[in-house]
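**Q** With the input below, show me the fold.
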Amino acid sequence: GDIVSQIKRSVNEGHSLAESLGEHPKEFDEFYVSMVRSGEAAGNLDDVLFSLTDFLERSQRIRSKVKSAMTYPIVMILITMVIIGILMTNVVPNVVSVFEDTDTALPWYTAFLIASSNFFVNWWVWLLVGVVGGIILFQRWKKSDSGKPKWDAFVLHLPLVGDLVRKIAISRFSGTLGVMLGSGVPILKALDIVKATTGNWVLEDAAG
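**A** Purely as a prediction, here's the structure:
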């Protein structure tokens, strides 16, 4: 509501709608502002706004489908980790006591499982700290100037995931470019803006 009031006040003061939206880059990016500016210049701002509405709704539906598709494997991984934790801290130690009573030589894989269980039980706090710290460092590296190109290239080569990422990026690129060209944005300007919507450094570099 506050942003809408600021935009309304800016328009009343004589600024264009595009200029008013541009004062809020977090809410209205360059793509949105350029579309509105083209609509104002061509005199078809109402059509441009309707096109933007349709495009944003389609984009939201795609994002929702992707999130839904990714939810199941993530949940299964978390459940698997919980089950492994329970086995390592409760089940395996009880089995170990049975082997110790029999005083028999253990196969290497059984000995490895017992050693892993002992490590997990005695050092689980530090293991958790290490995992959380690793995730934080990985996220920072993935967003850095040196890490992002490497990670984006790695993702594109992953089985199944890479193909999905590529298709989503191409769909987003094509859809955004089509909306901008249909609204009168010059093709060079449109390409310069749209390449940043792929969400992947490698594809963005190829489009540039």
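**Q** Could you name the helices and strands sitting against the helix or strand hosting Asn122?
**A** Assigned by DSSP states H and E, Asn122 belongs to helix 108-143. Packing partners of helix 108-143 (3 or more C-beta pairs under 8 Å, 6 or more residues apart in numbering; DSSP states H and E): helix 92-102, helix 147-156. Placement of C-beta: from N, CA and C, glycine included.
**Q** ok, of the ones you listed, where does mean pLDDT dip lowest?
**A** Out of the helices and strands packed on helix 108-143, helix 92-102 stands lowest, with a mean of 69 (criterion: mean pLDDT).
**Q** for the protein, what helix or strand is lowest in average pLDDT?
**A** Using mean pLDDT, DSSP states H and E, helix 92-102 stands out as the lowest-scoring helix or strand of the chain, at a mean of 69.
**Q** Give me the buried positions along the helix holding Asn122.
**A** For helix 108-143, the neighbour count (16 or more other C-beta atoms under 10 Å) marks Leu113, Ile114, Ser117, Phe120 as buried.
**Q** Could you single out the nearest of these to Ile77?
**A** Phe120 (17.5 Å; C-beta to C-beta).
**Q** my guess is the closest one contacts Leu127, does it?
**A** Yes. At 6.9 Å, Phe120 and Leu127 qualify as touching, with contact defined as C-beta atoms under 8 Å.
**Q** Before I go, just wanted to say thanks for your time.
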